[in-house]
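Asker: just a sequence and a predicted model for now, questions to come.
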Amino acid sequence: MQILPNMPPPRPQRRRGFTLIELLVVIAIIAILIGMLLPAVQKVREAANRTKCQNNLKNIALGCHLYQDTYKKFPTGWLCAADGSVQPNPGWSWATLIMPYIEQGNLYGTLGVPSPTNVSTTDGPQSPTQIAAAKTKVGLYRCPSDIMGDLNSGGFSTGFATSNYVCNREVFGPDVNAAATNLSADRIRDGASNTILIGERDGVFNVAAMWVRGSSTASFEGRPGLGLNPRPPVGTAAFTIGNNPKDERLAYSSAHTGGVQFAMGDGRVIFITDTIDTDPADTYAAFPARYNAAGATSYTLQKLQHPNDRLPVVID
């Protein structure tokens, strides 16, 4: 190109970038999009956790039925002699007894759990090896939605591994006389499909459970009481043992929104909402003397808990 004498030289082309205002607008748009997507991501995560918890309950119920196939009865909630004369404390819960049937045979062997037919007062976890094994986190016994710690600190046998699942003691036993109930699925008069077998217990608002039996029955069992998912008074982080007149630490509860998941006696898993009707005269500390028509109520949650009240209820 020929440059004439009076013609100015060409200016170099400048690359135009984002102004500060444009960058701020882009950042604001990104923040809005993240705010819109976060609840959806949380819902997907909770749905996945709830499915995993459901699978846990299915496998636990299967383990209970496999145990029943061997011993012709469900495992005892708290391992004891058939007549209640021997009760190791702390001892072994139903969750330890089914370990050979849920692919935890090695841990079961390390714990040295006695045969249900040969129980003695010294059978609880006492040796350093047993106590160390009792601190093992078992994934099958933990709901992924619950953010509690791996070891119990709620007052019963502090230091044992935590669990999110508790049994219906009216099915598993021991009864009010500390004797084994010896129930099996075919001996539940109301029908196994109409009776709670295993339920959830959270470790954030409640004291959760343990798969090794601690010094309190709350470590292994759940009760209907005044309803599901009770919450402590405002300003209280969690229920404390001995400070609640209704003993809510025995309640069924969960980290899921709006209800609790249960494995029924036939092995299916259902989600029961907090709005289920419950007996206003019941307390979580109450334990019926007999599981038959004598202690029957017309409330749905109690009907599902009592195996032999002859008031079956079907929940889809």
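Answerer: Nice, I can see it. Numbering: from 1, shown residues only.
Asker: now do the strands in this protein.
Answerer: Here the chain has its strands, by DSSP state E, at 162-163, 165-168, 196-200, 209-210, 221-222, 259-264, 269-273.
Asker: redo these as CSV? Include mean pLDDT.
Answerer: Formatted as CSV, these follow (pLDDT from 0 to 100):
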stretch, mean pLDDT
strand 162-163, 94
strand 165-168, 96
strand 196-200, 97
strand 209-210, 90
strand 221-222, 94
strand 259-264, 96
strand 269-273, 95
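Asker: out of those, deepest packed?
Answerer: strand 209-210 (a mean of 30; mean count of other CB atoms under 10 Å). From N, CA and C alone the C-beta is placed, and that goes for glycine too.
Asker: which helices and strands does that one pack with?
Answerer: strand 162-163 (3 or more CB pairs under 8 Å, 6 or more residues apart in numbering; DSSP states H and E).
Asker: what packs against the strand it packs on?
Answerer: Contacts defined by 3+ CB pairs under 8 Å, 6+ apart place strand 162-163 against strand 209-210.
Asker: pairing partners for the strand it packs on, with directions?
Answerer: Strands that pair with strand 209-210, judged by DSSP bridges, come out as strand 162-163 (antiparallel).
Asker: on that earlier part again, how about the strands of the chain, which one is nearest Gly91?
Answerer: strand 209-210 (11.2 Å; CB to CB).
Asker: tell me where the model's unsure across the stretch 1-150 of the chain.
Answerer: Residue ranges of the stretch 1-150 of the chain with pLDDT under 70: 1-18, 37-44, 120-123.
Asker: quick one: the helices in this structure?
Answerer: Using DSSP state H, the helices of the chain run over residues 20-71, 94-97, 105-111, 128-133, 169-172, 300-305.
Asker: off-centre distance for the first one?
Answerer: What that stands for is helix 20-71. 17 Å (CA atoms, centre = their mean, to the nearest Å).
Asker: that helix to strand 259-264, inter-axis angle?
Answerer: With axes from the mean of the first three to the mean of the last three CA atoms, to 10 degrees applied, the angle from helix 20-71 to strand 259-264 works out at 30 degrees.
Asker: which elements pack onto helix 20-71?
Answerer: helix 94-97, strand 165-168, strand 196-200, strand 259-264, strand 269-273.
Asker: which elements pack onto the last one?
Answerer: For strand 269-273, the elements it packs on are helix 20-71, strand 259-264, judged by 3+ CB pairs under 8 Å, 6+ apart.
Asker: just the C-alpha atoms of that strand, please, in PDB.
Answerer: The C-alpha coordinates for strand 269-273 follow below in PDB (Å, rounded to 0.1, in the frame of the first residue of the first chain):
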ATOM      1  CA  VAL A 269     -40.100 -51.500  52.900                       C
ATOM      2  CA  ILE A 270     -42.700 -48.700  53.300                       C
ATOM      3  CA  PHE A 271     -42.400 -45.000  54.100                       C
ATOM      4  CA  ILE A 272     -44.800 -43.800  56.800                       C
ATOM      5  CA  THR A 273     -45.500 -40.100  57.100                       C
END
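Asker: which among the strands of the chain is found nearest to Gln130?
Answerer: strand 209-210 (13.9 Å).
Asker: wait, Val166 sits on Ile198?
Answerer: Yes: with contact defined as CB atoms under 8 Å, Val166 counts as touching Ile198 (7.1 Å).
Asker: how about the nearest residue to Trp92, chain neighbours excluded?
Answerer: Leu79 (4.2 Å; CB to CB, 6 or more residues apart in numbering).
Asker: list the residues that contact the one you found.
Answerer: Pro88, Gly91, Trp92, Ser93, Thr96, Leu97, Val113, Pro114, Pro116, Val119, Asp123, Arg213 (CB atoms under 8 Å, 6 or more residues apart in numbering).
Asker: the first one and Ala61, how far apart?
Answerer: Using CB to CB, to the nearest Å, one obtains 25 Å as the distance from Pro88 to Ala61.
Asker: how many neighbours does the residue lying closest to Glu46 once chain neighbours are set aside have?
Answerer: Of all residues not flanking Glu46 in the chain, Ser145 sits nearest, at 6.5 Å (CB to CB, 6+ apart). Residues near Ser145, counting by other CB atoms under 10 Å, number 20.
Asker: same check on Phe239?
Answerer: 25.
Asker: what pLDDT is listed against it?
Answerer: Confidence at Phe239, expressed as pLDDT, is 70.
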